[in-house]
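J.: show me how the following folds:
(one chain, ligands or ions: 3)
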Amino acid sequence: MYTLKSAAQMRQTDNTAMYGKYSIAPAVLMENAGRAVAERGGAYVGGWDGKDVLILCGKGNNGGDGFVIARHILAAGGRVYVYSFGTTAEYSEESKAHLHTLRMMCDNRTCTLTMYEGEKNDRLLYKRLAACDVLIDALLGTGFSGSLREPLARVVAAVNERAAAGGCTVIAVDMPTGVNTDTGAVSDDIKNDTSSPLMADLTVTFGSYKRGQFIYPGKACIGKLELDSIGLPPALLTENAEDNVYLLCEADITEIVTPRRADSHKGTHGTIGIVTGCGDMVGATLMTAHGAVRSGAGKVFLRVPGAAAPYCIGKEPEIMVRPVGGRDRLHFCRDDAAEIIAESKDWSVLVMGPGMGKDKELPGFIEAVAAETTCPLVLDADALNALRGKEADFFARHGGRTVITPHLLEFSRLSGLATAEIKTDLIGTVMKFVRDYAVTVVLKGAPSLIASAKTGNIYVNETGNAGMAAGGMGDVLSGIIAAMIAHDGIGSIAAAACAAVYLHGAAGDYCAGRIGPYGFTPDEVADAVPEVLALWDKRRPLTLLEKPYII
Ligand SMILES: NC(=O)C1=CN([C@@H]2O[C@H](COP(=O)(O)OP(=O)(O)OC[C@H]3O[C@@H](n4cnc5c(N)ncnc54)[C@H](OP(=O)(O)O)[C@@H]3O)[C@@H](O)[C@H]2O)[C@@H](O)CC1
Ligand SMILES: Nc1ncnc2c1ncn2[C@@H]1O[C@H](COP(=O)(O)OP(=O)(O)O)[C@@H](O)[C@H]1O
Ligand SMILES: [K+]
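T.: Ligands and ions are numbered 1, 2, ... in the order given. The predicted model follows:
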């Protein structure tokens, strides 16, 4: 599992490394950073020998890295043309030191340094841009916010134009200029169409991955992403005092979803109660159940309103379908709650939401069931909509054993925030929501975020693909989450949610590889879950030495 840091957390890490007990000299960290870019960038472009490299340096420490990079590329046989957008006086002490060394190396042939003073320098700068093989973006890193100001806005626009024409390879130092480290928001001033962010082919980032590298639209600017420790102490890189955000990796999930015990029986693998559907919607119900079956649930009970039952019975023989109410019953009613509550005493987990419709009786039913049942709840779709306006009270009472799985629009309804506002800071918004409501959240999308009610930690999931942008994919996920909650030995609801989201996306990726980039169905994604589990079993190490990380 990788930690995804915010700009402030990265600054804190750097400061502790430099001024705390480790006492790493600031110029050494900068040296390591610059050297990492030169080495990794060199490998990416097939060596520096004979290459013309334009290096753009901002007035902050990102620019300081650029001075170091120039020195190493020069030593590796490249020609470097460095533009500094800061004045000597503005630079930090370590940047000043590296600027001085670079200045001493300038020979006006293989190494030039221009202190950019305004438009008068543009002509030669653009000529250099038109002729370079590689462009190094050391303009702005973690210090960027808002929209790009001039002259950087026009310079970045020119770089993008040249790169889009296939002219040069673009390597970003730490962050592409114009991408917000915390949110993935990008510079995009609609009044000024030249303020778009820099589009990199390769980004070499330092110490820890940053949140904005994994959230769109920033993620689209990163290109290939490489992480270099730059010699920072590992102990400083994994944990922060608060607000921890992690990237899920396969090893984290295979640790949670342990192989089946050979002597297990159907009771070991949980009994899933799926209480969904309405008279004119049974597809969602069946897809939810199918997701649970394919993810290894021991037993799956499906309870649907009477009118929906004939369309479910026998569709999948392993699912036990029972109608609620008579043959003319289209929706669940408040009075159905007692029957479900009684039955749920034998269930390991209860799913409500997919395809339940919007009948006015539904909120009363869902609230009554949730209040009386004691099993974990997975609430999706119509169950979430039914909670509107009552979520604070509901989560205060049942949040601890509940996973909610909204997509962006459902999350907008629940949080009362506009989707555009949520998108400006996806991670921050979910973090605040979980802190306020103490319920485990799966915010579905690309990427999906999982937030643990217990720890407030956020887990970013990268599996999945645009082929999954199709009706019913979320229903299958609800079933997978339920099966993972019931999975033998799973540590917590949040761990189950992380495992399920990762598995769901991996199954989607498997389908995209086997069937094609889109057009595969939710049921095919569910059917691919055992295939993914089989691949995991093949790759699994014999012994699991570490404890699960997600709690
Ligand atoms: N020990 C360490 O710390 C290490 C740090 N390292 C490196 O340092 C980087 C962080 O350095 P940093 O903090 O100096 O920030 P940085 O990204 O250079 O930008 C600051 C400048 O941005 C400017 N600016 C902001 N928004 C703007 C806008 N919209 N449009 C235009 N300008 C804008 C802002 O200007 P101001 O608003 O203050 O006028 C300010 O001058 C980090 O990414 C890594 O590369 C490595 O060397 C490893 C060791
Ligand atoms: N572009 C994408 N990349 C990765 N995953 C995606 C993408 N589009 C959709 N998904 C996944 O597919 C599922 C869609 O769920 P949802 O929107 O609830 O669909 P539905 O309500 O039709 O079942 C979510 O798990 C989401 O993360
Ligand atoms: K940069």
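J.: and the residue minimising distance to the centre of the chain, helix, strand or coil?
T.: In the chain, the C-alpha nearest the mean C-alpha coordinate belongs to V460, at 3.3 Å (CA atoms, centre = their mean). With DSSP: H, G, I helix; E, B strand; the rest coil as the basis, the three-state label of V460 is strand.
J.: pull out the buried residues from the helix ranked longest in the chain.
T.: When the chain is parsed with DSSP state H, its longest helix is helix 493-514. Buried residues in helix 493-514, counted by 16 or more other CB atoms under 10 Å: 493-512. For every residue, glycine as well, the C-beta is placed using N, CA and C.
J.: list the beta-bridge partners for P305.
T.: Beta-bridge partners of P305, counted by DSSP bridges, are V324.
J.: can you give me every residue that contacts it?
T.: Residues touching P305, when contacts are defined by CB atoms under 8 Å, 6 or more residues apart in numbering, comprise 277-279, 323-325, 329-332.
J.: again, 7 Å this time
T.: 277-279, 324-325, 329-332 (CB atoms under 7 Å, 6 or more residues apart in numbering).
J.: cool, M320 as well?
T.: Per CB under 7 Å, 6+ apart, neighbours of M320: 300-302.
J.: how far is the helix or strand hosting N62 from where the chain is centred?
T.: Element membership of N62, judged by DSSP states H and E, is helix 61-75. Per CA atoms, centre = their mean, to the nearest Å, the displacement of helix 61-75 from the mean C-alpha position of its chain is 31 Å.
J.: can you narrow the buried residues of helix 493-514 to ones near ligand 2?
T.: Residues of those in contact with ligand 2 (CB under 6 Å from any ligand atom): 504-505.
J.: show me what contacts the residue nearest to the centre of the chain?
T.: 4, 214, 245-248, 447, 449.
J.: same deal with A381?
T.: Contact partners of A381, counting by CB under 7 Å, 6+ apart, are 353-354.
J.: how about it, phi and psi?
T.: Dihedral pair for A381: phi 40, psi -120, per degrees, to the nearest 10.
J.: gap between whichever residue of the stretch 201-350 of the chain sits closest to ligand 3 and G41?
T.: Closest to ligand 3 within the stretch 201-350 of the chain is T203: 8.0 Å, counting by CB to the ion. Using CB to CB, to the nearest Å, T203 is found at 10 Å from G41.
J.: could I get the buried residue list for stretch 442-450?
T.: Residues 442-445, 447-450 are the ones in stretch 442-450 that count as buried (16+ other CB under 10 Å).
J.: what's the nearest residue to the residue in the chain that ligand 2 sits nearest to if we skip its chain neighbours?
T.: Closest residue of the chain to ligand 2, CB to the nearest ligand atom: G474 (2.1 Å). Spatial nearest neighbour of G474, chain neighbours left out: K444 (5.8 Å); criterion: CB to CB, 6 or more residues apart in numbering.
J.: for beta bridges, what are the partners of the one you found?
T.: Taking DSSP bridges as the rule, K444 bridges to H407.
J.: tell me who's in contact with it.
T.: With CB under 7 Å, 6+ apart, K444 has these contacts: 405-407, 474.
J.: for the stretch 51-200 of the chain, give me the ranges with low pLDDT.
T.: Per-residue confidence for the stretch 51-200 of the chain (pLDDT under 70) gives these ranges: 189-194.
J.: which residues in it form helices?
T.: 61-75, 93-105, 122-131, 152-164 (DSSP state H, counting those that start in this stretch).
J.: and the second one with helix 61-75, angle?
T.: To tie it back to what came earlier, the one meant is helix 93-105. Put simply, helix 93-105 runs at 30 degrees to helix 61-75, going by axes from the mean of the first three to the mean of the last three CA atoms, to 10 degrees.
J.: one step back: could you dump the contacts of K444 to JSON lines with pLDDT and distance to P176?
T.: JSON lines is the format used below for the contacts of K444 (pLDDT from 0 to 100; distance: CB to CB, whole Å):
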{"residue": "T405", "pLDDT": "98", "distance to P176": "32"}
{"residue": "P406", "pLDDT": "97", "distance to P176": "30"}
{"residue": "H407", "pLDDT": "97", "distance to P176": "28"}
{"residue": "G474", "pLDDT": "98", "distance to P176": "32"}
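J.: follow-up on the earlier one: possible to save the contacts of M320 as JSON lines with secondary structure?
T.: JSON lines is the format used below for the contacts of M320 (three-state DSSP):
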{"residue": "V300", "secondary structure": "strand"}
{"residue": "F301", "secondary structure": "strand"}
{"residue": "L302", "secondary structure": "strand"}
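J.: of these, keep whichever come out buried.
T.: Here, 16+ other CB under 10 Å leaves 300-302 buried among these.
J.: now for the strand or helix carrying the residue of the chain closest to ligand 2, which elements pack on it?
T.: Using DSSP H and E, G474 sits in helix 473-485. On a contact count with 3 or more CB pairs under 7 Å, 6 or more residues apart in numbering; DSSP states H and E, helix 473-485 meets helix 283-294, strand 349-352, strand 377-379, helix 493-514, helix 522-539.
J.: wait, a helix at G428?
T.: Yes: judged by three-state DSSP, G428 forms part of a helix.
J.: contacting residues around it?
T.: Contact partners of G428, counting by CB under 7 Å, 6+ apart, are T183.
J.: and if we set it to 6 Å?
T.: For G428, no residue meets the contact criterion (CB atoms under 6 Å, 6 or more residues apart in numbering).
J.: ok, it to L417 distance?
T.: Distance, G428 to L417, using CB to CB: 11 Å.
J.: same thing with I481?
T.: 24 Å.
J.: which one of these two is surrounded by more residues?
T.: I481 (33 against 16; other CB atoms under 10 Å).
J.: just checking, the more buried one touches V378?
T.: Yes: with contacts counted by CB atoms under 6 Å, I481 reaches V378, the gap being 5.1 Å.
J.: give me the common contacts of the two.
T.: Common neighbours of I481 and V378 (CB under 6 Å, 6+ apart) are V403.
J.: low-confidence stretches in this structure?
T.: Ranges of the chain meeting pLDDT under 70: 189-194, 541-551.
J.: one more pass at 80, please.
T.: Applying pLDDT under 80 to the chain flags the ranges 188-194, 239-240, 541-551.
J.: tell me which parts of it are close to ligand 3?
T.: 137, 141, 172-173, 177 (CB under 5 Å from the ion).
J.: give me the subset of those touching ligand 1.
T.: Restricting these to those near ligand 1 by CB under 6 Å from any ligand atom leaves 141, 173.
J.: in a markdown table: the residues of the chain next to ligand 3, plus neighbour count.
T.: What follows is the residues of the chain next to ligand 3, written out as a markdown table (neighbours: other CB atoms under 10 Å):
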| residue | neighbour count |
| --- | --- |
| D137 | 29 |
| G141 | 28 |
| A172 | 32 |
| V173 | 34 |
| T177 | 27 |
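J.: quick one: which of the residues of the chain next to ligand 3 is nearest R401?
T.: Using CB to CB, G141 comes nearest to R401 of the residues of the chain next to ligand 3, at 42.4 Å.
J.: looks like the closest one contacts G63 (just checking).
T.: No: here G141 lies out of contact with G63, judged by CB under 6 Å, at a distance of 8.9 Å.
J.: show me which residues of the protein are close to ligand 1?
T.: So far as CB under 6 Å from any ligand atom goes, the chain lies against ligand 1 at 14, 18, 26, 29-30, 33, 58-65, 140-149, 152, 173-175, 206, 230.
J.: beta partners of the residue nearest to the centre of the chain?
T.: Beta-bridge partners, per DSSP bridges, of V460: L247, L449.
J.: quick one on the thing from earlier: filter the contacts of P305 down to the ones in helices?
T.: Those of the contacts of P305 lying in helices (DSSP H): none at all.
J.: nearest to R261, of the residues you listed?
T.: Of all the contacts of P305, G277 has the smallest distance to R261: 33.6 Å, by CB to CB.
J.: the closest one contacts M287, correct?
T.: No: assessed by CB under 6 Å, G277 is found out of contact with M287, at 10.7 Å.
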